[in-house]
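Visitor: just to be clear, the model below is a prediction. Sequence and coordinates:
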Amino acid sequence: MQNERQPLLTLSKLTKIYGSLIANDSIDLDVYTGSIHAVLGENGAGKSTLMKLAYGVVKPDAGEIFWKGQKINYWKTTVARGLGIGMVFQHFSLFETLSVVENIALTIKGSQKDLIDHIRKIGADYQLEIDPTAMVNSLSVGQRQRVEIIRCLMQDLKLLILDEPTSVLPPQHVRALFDALRKLQNNGVAILYISHKLEEIRELCDTATILRDGKVTGKVNPNETSTQELATLMIGRSIPKVERKVSDHKSKNAILNVTNLNIKNPDPFGTDLKNLNLSVFGGEIVGIAGVSGNGQQELGRIISGEDLNGDLNLSTIEMFGQPVTRKGVIERRDLGFCFVPEERLGRGVVPSMSLSKNSLLTAFKKGMLKNGFIQDDVVDKYTDTCITEFSVKSSGNGATANSLSGGNLQKFLVGRELLLEPKLLFLSQPTWGVDVGSANEIRQKLISLRDNGIGILVISEELEELFEITDRMYVLRSGRISTSMQTNEVSPDEIGEYMIGEEREDASNALAV
Amino acid sequence: MTPLEFFLAGTMSAATVFLLAALGELVAEKSGMLNLGVEGMMAISAAVGFVVTYQTGSHLIGFIVAGAAGIGISMIFAIVSITFLANQVATGLAVGILGLGLSALIGKNYESFTVTAPASIQIPVLSDIPLVGPVLFQQNIVVYLTIVMAILISFCLNKTRLGLAIRACGENPKAAESLSYSVFKIRYGAVAFGGLMAGFAGAYASTIYTPLWADGMIAGRGWIAVALVVFGTWKTGRIFLGAYLFGMVSLGELVVQSFGLAVPSQLLTAMPFIVTIVVLAIISSDRARLRLHAPYSLGETYDGSEPQ
């Protein structure tokens, strides 16, 4: 039926090459009015590149683009927007120091007053309420996404492209977003929905194009396709399951204790940490759930020792029963603490240095120095061990860190830290941007470490991941932490309640003022 | 004129030099371009403006040519730092030094020559009010036009789409580009505007404020203008106040002398710079304020390459 109609947008044999990487290899895609079309693929499959081609942000190296059957020769963002295409980026294109209405005025013509009325009207129609005069920097990530969607809706919208829109939302807000998208669909808007989440796509979309390694591997109706089949098309095999039993080696005393942590953030766009308490015991994996930007970064730097706050009580942070509040990174590492930050390039490794040199950065106490001189053979051996034990795909220990893919670099980083034999391990977004296979290997490794009595703290945005590996969970929002919850006793919805609770409080406070 | 009237009137005149240059730099910085060559742009325009005014006898032509010279030299900065992606700080300093050198060359045969400053405007009735009259209503037309300019720039930056686009480029050039604004064009335009205003500031300094040519006559005023933008935390109103404050401080020497106080004149000459350092240190210590008002991508080159 559908194929007899004219597609709204047709991408034909699109190819995009970045250096030696073929990001998109001769991709065909048809989008029809009133359809929610999923583009499914794992990290690095080329989804985002394809959408940037569709929106005219980047130019294809080969291939053609048609709009209602007409070939468009000069495909640019201006042309795409003029035809009625809107895009909500994964990393938003909003300006923090401008207000909501000013941000919208950058693309939509009209007087300030008209724009404000229009924003309110759309907010009411689609349940996407937002204060038009609020400064963007005061908004939560979910609210910013709402602004981006509203901005698209204010033009004469024919096609809306969304790039991983639910990665920043708690479960309850995902439902609200889906409702808004279905309403748009009924109003005759086509939607291109990029995601790597199978369940979501099965719930929302009527067509799915699946990408793997830059190629189309399938075109299916997700409602009639099982999760396993989708997974096979996406990663070439079924999604591996992490195996795990409930922890039974929990240590008697906590090996990490944070008590009444209060920090005023000097950055006005940062988050203050308020009266935060948490503990980690040996032999358990503890997760901190929550949307990024709620104090994760600040808490991470305090626990790692990168930020030493002189105003804190001496006993605010304790590791293995010792106060470490005033101790720096190296002193904490000496106690048996290891740390994998969320920014791999720049904070985890020096991008332009070889893997060997990057090993040296944290493992230099493993006999790598003699009278201050680097023992290259020891460094190389350590690095080689890391590469083989953690199956890091690279050209060897001399490969520069930035030549590795996200997944392999993360495996290297985790490996480098694990070979130090930590007793307490702290990871931030351990599988962010990592392919499914590597993510699974990393998670399995963490569980076997836990079984050996190591205490692990994980900050992650991915709820599924936390439910898969943790024993206990906290939720961090607006710099406050929830009470500790046993993972097998809570549901994702309950965690979601904690994730949005604060926003409601803020809203009612604002009304009270 | 009483000494007080003379002092206050002089403040307005002195402040105009700072304000013109600082307004231009404000627009450039709002678009993300940190142009440290203001001193040199002012110097070369002062020389060109003086020579042209001396030869033609017309201040208007002097201003026009000086403004063009300001734009011209600012384009060297723009080409090197926007098109060829060189570091803005290094490029700005180099262009500034070039400007100072060229100004000495252009003005070489005019050393110590003078031109006549144009007569001040006498606004009827108002200029006869004691104290207020001579201070506010007997100034050169450029003083008034500069104030009008400040209001226009403030309006443009805050209330118009062009202003939003300029601020967007300084805040997040990548995002601005994805909304199909040309960061390249906007930054070129903003730098050219900065050059034009620095040119007017130079011409005002050499043909109206002190209507004579002497090598090195800009004497650090360009640097104070750059500092004023930070001092005013990129807000037009505060920059305006800052310019008048510095105008006053720069006249301190005259005041002290007229009261016969025994303060070394070198100290007084250095006063504006000492005040600049103190003020900048205080403002820079307030990270929150800087983060809220400073253009986030100030001084960063934007290569416009396709995002991966």
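Guide: Structure's in. What do you need?
Visitor: tell me, how many residues neighbour residue A:234?
Guide: 23 (other C-beta atoms under 10 Å in any protein chain shown). No exception for glycine: its C-beta is placed from N, CA and C like everyone else's.
Visitor: where does pLDDT dip in the stretch 51-200 of chain A?
Guide: In the predicted model, the stretch 51-200 of chain A carries pLDDT under 70 at residues A:92.
Visitor: the residue of it found nearest chain B in helix, strand or coil?
Guide: At 3.7 Å from chain B, residue A:93 is the closest residue in the stretch 51-200 of chain A, using C-beta to the nearest C-beta. Classification of residue A:93 using DSSP: H, G, I helix; E, B strand; the rest coil returns coil.
Visitor: quick one: name the residues of chain B near chain A.
Guide: B:161, B:164-165, B:167-168, B:171-172, B:174-176, B:178-181, B:287-288, B:291-293, B:296, B:306-308 (C-beta under 8 Å from any C-beta of the partner chain).
Visitor: in the stretch 1-150 of chain B, where is pLDDT below threshold?
Guide: Looking at the stretch 1-150 of chain B by pLDDT under 70, you get B:1.
Visitor: chain B: helices as residue ranges?
Guide: Using DSSP state H, the helices found in chain B span residues B:3-30, B:38-56, B:59-78, B:88-106, B:132-136, B:141-159, B:161-171, B:173-178, B:183-204, B:221-231, B:236-250, B:252-258, B:265-284, B:287-293.
Visitor: any idea how far residue B:294 is from the closest residue to the residue of the stretch 51-200 of chain A closest to chain B other than its chain neighbours?
Guide: The shortest distance from residue A:93 to any non-neighbouring residue, by C-beta to C-beta, 6 or more residues apart in numbering or on different chains, is to residue B:175 (3.7 Å). The gap separating residue B:175 from residue B:294 is 17 Å, by C-beta to C-beta, to the nearest Å.
Visitor: count of residues packed around residue 161?
Guide: If you meant another chain, say so; for now it's chain A. By the criterion of other C-beta under 10 Å, residue A:161 has 26 neighbours.
Visitor: oops, wrong one, chain B.
Guide: 15.
Visitor: list the contacts of it.
Guide: Applying C-beta atoms under 8 Å, 6 or more residues apart in numbering or on different chains, one finds that residue B:161 lies in contact with A:105-106, A:109.
Visitor: distance of it from residue A:102?
Guide: 10 Å.
Visitor: before we move on, what about residue B:17?
Guide: 33 Å.
Visitor: tell me which helix or strand of chain A sits lowest on mean pLDDT?
Guide: Least confident helix or strand, chain A: helix A:492-512 with a mean of 64, by mean pLDDT, DSSP states H and E.
Visitor: can you give me how far the helix or strand harbouring residue A:416 is from the chain middle?
Guide: Using DSSP states H and E, residue A:416 sits within helix A:406-418. Counting by C-alpha atoms, centre = their mean, to the nearest Å, helix A:406-418 is centred 17 Å from the centre of its parent chain.
Visitor: which strands and helices sit next to it?
Guide: The contact analysis (3 or more C-beta pairs under 8 Å, 6 or more residues apart in numbering or on different chains; DSSP states H and E) places helix A:406-418 against strand A:337-340, helix A:355-363, helix A:376-389, strand A:424-428, helix A:436-451.
Visitor: tell me the contacts of the nearest residue to residue A:88 once chain neighbours are set aside?
Guide: Setting aside the residues directly before and after it, residue A:88 is nearest to residue A:148 in space (C-beta to C-beta, 6+ apart), at 4.4 Å. Contact analysis of residue A:148 by C-beta under 8 Å, 6+ apart lists A:88-89, A:92-94.
Visitor: my reading is that residue A:269 lies in a strand. Confirm?
Guide: No. Under three-state DSSP, residue A:269 sits outside any strand and is assigned coil.
Visitor: check the burial of it by counting its neighbours.
Guide: 16.
Visitor: same deal with the one 5 residues further on?
Guide: Residue crowding around residue A:274 was assessed by other C-beta under 10 Å; the count is 15.
Visitor: just residue A:348 next, same as before
Guide: Residues lying near residue A:348 (other C-beta under 10 Å) number 24.
Visitor: kindly report the same for the one 3 residues further on.
Guide: Using other C-beta under 10 Å, residue A:351 is surrounded by 15 other residues.
Visitor: get me the contact residues on the stretch 401-513 of chain A for chain B.
Guide: Checking the stretch 401-513 of chain A against chain B by C-beta under 8 Å from any C-beta, there are no hits.
Visitor: can you give the domain ranges for chain A?
Guide: Chain A breaks down into these domains under automatic domain parsing: A:9-235, A:240-336+A:422-513, A:344-421.
Visitor: now render the ones you listed as CSV, adding distance to residue B:54.
Guide: Output for the domains of chain A, formatted as CSV (distance: least, C-beta to C-beta, whole Å):
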stretch, distance to residue B:54
domain A:9-235, 46
domain A:240-336+A:422-513, 52
domain A:344-421, 56
